[in-house]
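Novice: Give the three-dimensional model of this entry:
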Amino acid sequence: MAQTTYLPTLKQLQYLVALKDHGHFGRAAESCYVTQSTLSAGIRELETLIGVVLVERTRRVVRFTPLGERIVDKARRVLREADELGDLARAAGRPLSGEMRMSVIPTIAPFLLPRILPKLRRDYPDLKLYLREETSGQACEGLHHGRTDCVLLALPYACGDVETAPLFDDRLFVAYREGEMDPSASIRPAEIDETRLLMLEDGHCLKEHALAACNRPEMRAEATMMGTSLHTMVQMVDNGLGVTMLPEMAVDSGILDHTQVAARPLEADNASRRIALVWRKASPRERDFRLLADVLAEARP
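Specialist: Residues are numbered from 1 along each chain as shown. As a prediction, this is how the structure comes out:
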């Protein structure tokens, strides 16, 4: 008589990965849309099934055992492969249909998405596009862990082993309060007072793109890294606190409206960033991603 083998369920693996990602039973349960007791019971069932402890539970800390860490990594791959079963079916159907999860970085999302979403709704009504705004590092991590299907970001950025569809170049502008700088057609890096330069805080790749384009090492040491969004940076400049860098798409979208802030192109080599769509290599939905990239490229400001 053949021996029955009981295998972990995808739901149990999902609970385990969520606990690892959130480090808290309550938050992990919320992310899975279940109660905390349901998630905890599912993980205990998984431990009983494979006969080992995966998570050490205390009142304050959730700590994974060494074997638990390894099994979480394997569980991520299993869940990603399971997702791709659905991707295979969707890829065989109508183009750009079904669910798609796209992460977008904060220095792109508010300026490009309003241009493309109406067109996507009109031309591809069967597409359910779920959007997540997060920094480049978080987005790329989510891509490789299977939390998102594709990422709209700015290059250069090391996102790992991915397929890339470049969309268009987005120039960098220097923004300053009117009257503070010479209103010439463009501004050279040497004209920028590094002690008054305001930049986004760490984690935003626009900061790195701007500093690299200026090619002035002292700027990294002297600039004030405190902005959490481009809209916040503009308000700080409008209040006379300094100057900052903005992407062209933000300027074209009217971010300076109703302020006394002016913006001029940065005159330097590589004074732009390249907007691109990236996705995991060998994804069954490559055709969909390339079609989406074409739609995004048409929305160039």
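Novice: just how off-centre is whichever helix or strand residue 39 is part of within its chain?
Specialist: Per DSSP states H and E: residue 39 is located in helix 36-50. Chain-centre distance of helix 36-50: 31 Å, with C-alpha atoms, centre = their mean, to the nearest Å.
Novice: could you point out which element follows that helix?
Specialist: Counting by DSSP H and E, what follows helix 36-50 is strand 55-57.
Novice: buried stuff in the helix holding residue 39?
Specialist: Judged by neighbour count (16 or more other C-beta atoms under 10 Å), helix 36-50 contains these buried residues: 39, 40, 42, 43, 44, 46, 47. Yep, even glycine has a C-beta here, placed from its N, CA and C like the rest.
Novice: Nearest to residue 203 among these?
Specialist: residue 39 (29.1 Å; C-beta to C-beta).
Novice: how about the closest residue to that closest one other than its chain neighbours, phi and psi?
Specialist: Leaving aside its chain neighbours, residue 39 sits nearest to residue 29 (4.3 Å; criterion: C-beta to C-beta, 6 or more residues apart in numbering). Phi and psi for residue 29, reported as degrees, to the nearest 10, are phi -60, psi -40.
Novice: what's near enough to touch residue 29?
Specialist: Residues in contact with residue 29 (C-beta atoms under 8 Å, 6 or more residues apart in numbering) are 18, 35, 36, 38, 39, 40.
Novice: change it to 7 Å
Specialist: Residue 29 sits next to 35, 36, 38, 39 when contact means C-beta atoms under 7 Å, 6 or more residues apart in numbering.
Novice: Over to residue 28?
Specialist: With contact taken as C-beta under 7 Å, 6+ apart, residue 28 is in contact with 18, 19, 22, 39.
Novice: Farthest-apart pair in those residues, please.
Specialist: Every pair of the contacts of residue 28 checked by C-beta to C-beta; the farthest is 22 and 39, at 10.2 Å.
Novice: distance of the residue nearest to residue 39 from residue 46?
Specialist: From residue 29 over to residue 46 the distance is 15 Å, taken as C-beta to C-beta, to the nearest Å.
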